[in-house]
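Novice: I'd like to go over a predicted model; first the sequence, then the structure.
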Amino acid sequence: MKRVTEYRLCIDNKKYPSSLEFGKIYRVIDDEKAVKHNMLRVIDESGEDYLYPEAFFVPIKLPQIALDAFIALQ
């Protein structure tokens, strides 16, 4: 299983409206190569991970109860 390293809020989905929802929190998988190219590996609406521009997302800090809920979904 790929390791989710953080959660980010989608702030732009104009190029990928069927894959990303504006205002939704997404799980991000660690991918050092992608980050070097200003991309993030995100688990999108398909349930699969794909690369998206980093600028489409902002980092967020979730309370522990929310983190626990996301972990339970995995």
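Specialist: Thanks, I have the structure now.

Novice: and the longest strand along the chain, average pLDDT?
Specialist: Counting by DSSP state E, the longest strand found in the chain is strand 4-10. Strand 4-10 carries an average pLDDT of 89.

Novice: after it, which helix or strand is next?
Specialist: strand 25-29 (DSSP states H and E).

Novice: what angle separates the helix or strand bottoming out on mean pLDDT in the chain from strand 4-10?
Specialist: None of the helices or strands of the chain scores lower by mean pLDDT, DSSP states H and E than helix 64-73, at a mean of 84. Angle between the axes of helix 64-73 and strand 4-10 is 110 degrees (criterion: axes from the mean of the first three to the mean of the last three Cα atoms, to 10 degrees).

Novice: could you check the angle helix 64-73 makes with strand 25-29?
Specialist: Angle, helix 64-73 to strand 25-29, by the same axes, to 10 degrees: 70 degrees.

Novice: got the CA positions of helix 64-73 in CSV?
Specialist: Presented in CSV, the C-alpha positions along helix 64-73 are these (Å, rounded to 0.1, in the frame of the first residue of the first chain):
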residue,chain,number,x,y,z
GLN,A,64,-6.6,14.3,15.3
ILE,A,65,-10.3,13.2,15.1
ALA,A,66,-10.3,14.1,11.4
LEU,A,67,-7.0,12.2,10.8
ASP,A,68,-8.4,9.2,12.5
ALA,A,69,-11.5,9.3,10.2
PHE,A,70,-9.3,9.5,7.1
ILE,A,71,-7.2,6.6,8.3
ALA,A,72,-10.3,4.5,8.8
LEU,A,73,-11.2,5.1,5.2
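
Novice: which strands or helices does that helix pack on?
Specialist: strand 4-10 (3 or more Cβ pairs under 8 Å, 6 or more residues apart in numbering; DSSP states H and E). Yep, even glycine has a C-beta here, placed from its N, CA and C like the rest.

Novice: ok, and what's touching the strand it packs on?
Specialist: 20-30, 40, 42-43, 56-60, 62, 67, 70, 74 (Cβ atoms under 8 Å, 6 or more residues apart in numbering).

Novice: ok now it, how far from the chain's centre?
Specialist: 4 Å (Cα atoms, centre = their mean, to the nearest Å).

Novice: many thanks, I have nothing further to ask.
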